[in-house]
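What follows is a predicted structure for the sequence shown.
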Amino acid sequence: MSDQLYEIVKSSVNIEDLKRLTLDLVSRPSTQTDKMEYDPEIKSFISDTLMPELKKRGLNSVELDDMGNLICRVGNTDGKKKVFFLGYAMTHPASSMKDPFTGEIVEEAGKEALRGRGVSEQKGSLAAMIAAVELINKNDHLLNGELIFGVSLAGETGRHLAVDNMCKFADIKADLGVVGIGTNNKISQGNKGRADVEVIVYGKSCHSSSPIEGINAIEGACAVIEKLKEMKFTSKHAHLGKPTLASTAIKSYPNATHTIQNECHIIFDRRLLPGDQAADAVKEIREAIGEIPPYKVEVKLGPVTLPSEVKDNSIIITRLSDAIKTVTGKEAEKFYSNSAIDAGYLNKQNIPAVMFGPGSMDYWHTDNEVLFVEDLLKGTYIYSYLALKHLAK
């Protein structure tokens, strides 16, 4: 039966259509801005590009939640088995990349590749998932279950706001889940999480011609940074190593000339190991800073992305490994990632999930972001076979 299912997969995927779909998605900008998930361009990408594309492919059970995330269902909704695919609309900004939204076929390292912003990170996996969902829909007579396909407004925001809204709105439950992001068709079995921690240093403003009359919050912020550089982490994960702490942004106020600043806000990126709690990380930072007179210091928890890890015998590892071996003829490669997205959230919701998709992390956010066509095709086959075999009668 497995060989028959794989023959169905291979005979159903049209490579030229898959390339066109991927380039169409790339040519429609949906980049991260300060509006984050609420950016009208990203909402429009889902409502005006993805929804018509899905319906054109015969996928009619498609809706948007009250935030603008997309949910599509195919197969037997009354069946016992369920698979959840999660894709992303948002990409990294164009930055200094030339022609980021042309969507072109190029040659890279002697191989045919697709080029454009987000193609190796989000949009290659998104196209592969769309093709897989279409294939599953056309073979729904073979199924005893349902494939749920979600497209999140996020992709670069570093928080679970969009997927949380989607899952609650649609009451999403599944036996296993795949977070569609470029991993070079390797299984990201675990990843660090992340907590943004904001440290606010309060001083006293005065005219900068008489600095002795004030308390310079910028100098207080420098003292905070120096103290946190000395933090030592004792916990260690076998594959992810130790947690890390890095300053990523700093702003001071008031925004006025010739003024000693009375507030300085610093954002720290605290990477979390599986099992770490964000609240504990904040407490450790607060204790490490201690008192810095004459400054008042406040420490606040910001957006959090949960760490993730699934066991070797987890259903998602066994099923996905089987799909990879069927398609490639090789054992699945597994790794652990320092970067994080929504796998940790899904695992917390009792949906065993990993990050997996076509596209190399080496090309993420670069000026020459490309995806090899052969990897795109393999990823599409793997997604399709994974869902078809798990949901089969």
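Structure's in. What do you need?

Tell me where the stretch 201-350 of the chain has strands.
206-207, 245-253, 259-260, 263-272, 296-305, 308-309, 334-337 (DSSP state E, counting those that start in this stretch).

between those strands, which one is nearest to T91?
strand 296-305 (17.4 Å; C-beta to C-beta). (Glycine included, C-beta is placed from N, CA and C.)

ok so, going back, deepest-packed of the strands of the stretch 201-350 of the chain, please.
strand 308-309 (a mean of 24; mean count of other C-beta atoms under 10 Å).

Output the contacting helices and strands for that one.
Secondary structure elements in contact with strand 308-309, counted by 3 or more C-beta pairs under 8 Å, 6 or more residues apart in numbering; DSSP states H and E, are strand 187-191, helix 343-348.

Pull out the buried positions in the last one.
If you call a residue buried by 16 or more other C-beta atoms under 10 Å, then helix 343-348 has these buried ones: A343, G344, Y345, L346, N347.

Just the C-alphas of it, formatted as CSV.
Taking Å, rounded to 0.1, in the frame of the first residue of the first chain, the C-alpha atoms of helix 343-348 are listed here in CSV:
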residue,chain,number,x,y,z
ALA,A,343,6.7,24.2,17.1
GLY,A,344,6.9,24.8,20.8
TYR,A,345,3.4,26.2,20.9
LEU,A,346,1.9,23.3,19.0
ASN,A,347,3.7,20.8,21.3
LYS,A,348,2.2,22.6,24.3
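
any idea how far it is from the chain center?
Relative to its chain's centre, helix 343-348 lies at 12 Å (C-alpha atoms, centre = their mean, to the nearest Å).

Ok, the shortest one next?
Between the centre of strand 187-191 and the centre of its chain there are 12 Å (C-alpha atoms, centre = their mean).

what sits up against it?
239-240, 274, 307-310, 312, 317, 320-321, 324, 332-340, 343-344, 354-356 (C-beta atoms under 8 Å, 6 or more residues apart in numbering).

Compute the inter-axis angle for it and strand 263-272.
For strand 187-191 against strand 263-272, the angle by axes from the mean of the first three to the mean of the last three C-alpha atoms, to 10 degrees is 130 degrees.

Which positions in stretch 88-104 come out as buried?
Buried-residue list, stretch 88-104, by 16+ other C-beta under 10 Å: Y88, A89, M90, T91, H92, A94, M97, P100, F101, G103.

what is the rounded mean pLDDT of it?
Average pLDDT, stretch 88-104: 96.

For it, list the C-alpha coordinates in CSV.
Provided in CSV are the C-alpha atoms of stretch 88-104 (Å, rounded to 0.1, in the frame of the first residue of the first chain):
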residue,chain,number,x,y,z
TYR,A,88,3.6,31.4,6.9
ALA,A,89,2.8,34.5,5.0
MET,A,90,5.3,37.0,6.4
THR,A,91,8.9,37.2,5.1
HIS,A,92,12.0,39.1,6.1
PRO,A,93,12.1,42.6,4.6
ALA,A,94,13.8,43.1,1.2
SER,A,95,16.7,44.8,2.9
SER,A,96,19.6,45.1,0.4
MET,A,97,18.5,42.2,-1.8
LYS,A,98,18.3,43.3,-5.5
ASP,A,99,15.1,42.3,-7.3
PRO,A,100,13.6,40.5,-4.3
PHE,A,101,10.1,40.2,-5.7
THR,A,102,10.8,39.5,-9.3
GLY,A,103,10.5,35.8,-8.8
GLU,A,104,12.9,34.3,-11.2
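
Look at K19 and report its pLDDT.
Value for K19, per-residue pLDDT: 98.

Check D78 too.
So D78 comes in at 86 (pLDDT).

Same question for it, what's its three-state structure.
coil (DSSP: H, G, I helix; E, B strand; the rest coil).

number of nearby residues for it?
Residues near D78, counting by other C-beta atoms under 10 Å, number 8.

Can you tell me the centre-most residue of the protein?
Compute the mean C-alpha point of the chain, and by C-alpha atoms, centre = their mean the closest residue is I341, 3.6 Å away.

helices and strands of the chain: which one has the lowest mean pLDDT?
Across the helices and strands of the chain, the lowest-confidence element by mean pLDDT, DSSP states H and E is helix 2-12, at a mean of 92.

Mind giving me the packing neighbours of whichever helix or strand comes after it?
Toward the C-terminal end, the helix or strand that comes next after helix 2-12 (DSSP states H and E) is helix 15-26. Secondary-structure packing of helix 15-26 (3+ C-beta pairs under 8 Å, 6+ apart): strand 104-108, strand 111-115, helix 124-138, helix 373-391.

low-confidence ranges in the stretch 51-200 of the chain?
Scanning the stretch 51-200 of the chain for pLDDT under 70 picks out nothing.

nearest to V119, of the strands of the stretch 201-350 of the chain?
That would be strand 334-337 among those, by C-beta to C-beta, at 19.1 Å.

Could you export that closest one as CSV, CA atoms only?
The C-alpha coordinates for strand 334-337 follow below in CSV (Å, rounded to 0.1, in the frame of the first residue of the first chain):
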residue,chain,number,x,y,z
LYS,A,334,17.7,15.4,12.4
PHE,A,335,19.1,18.5,14.0
TYR,A,336,18.4,21.0,16.7
SER,A,337,18.0,24.7,16.0
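
Is Y88 bridged to anything, and to what?
Residues in a beta bridge with Y88, per DSSP bridges, are S152.

From G359, how far out is it?
To G359, Y88 is 12 Å away according to C-beta to C-beta, to the nearest Å.

now do I267
28 Å.

likewise K330?
18 Å.

Of those two, give the one with the bigger neighbour count.
Counted by other C-beta under 10 Å, K330 and G359 do not tie: G359 has more neighbours, with 30 against 8.

Many thanks, I have nothing further to ask.
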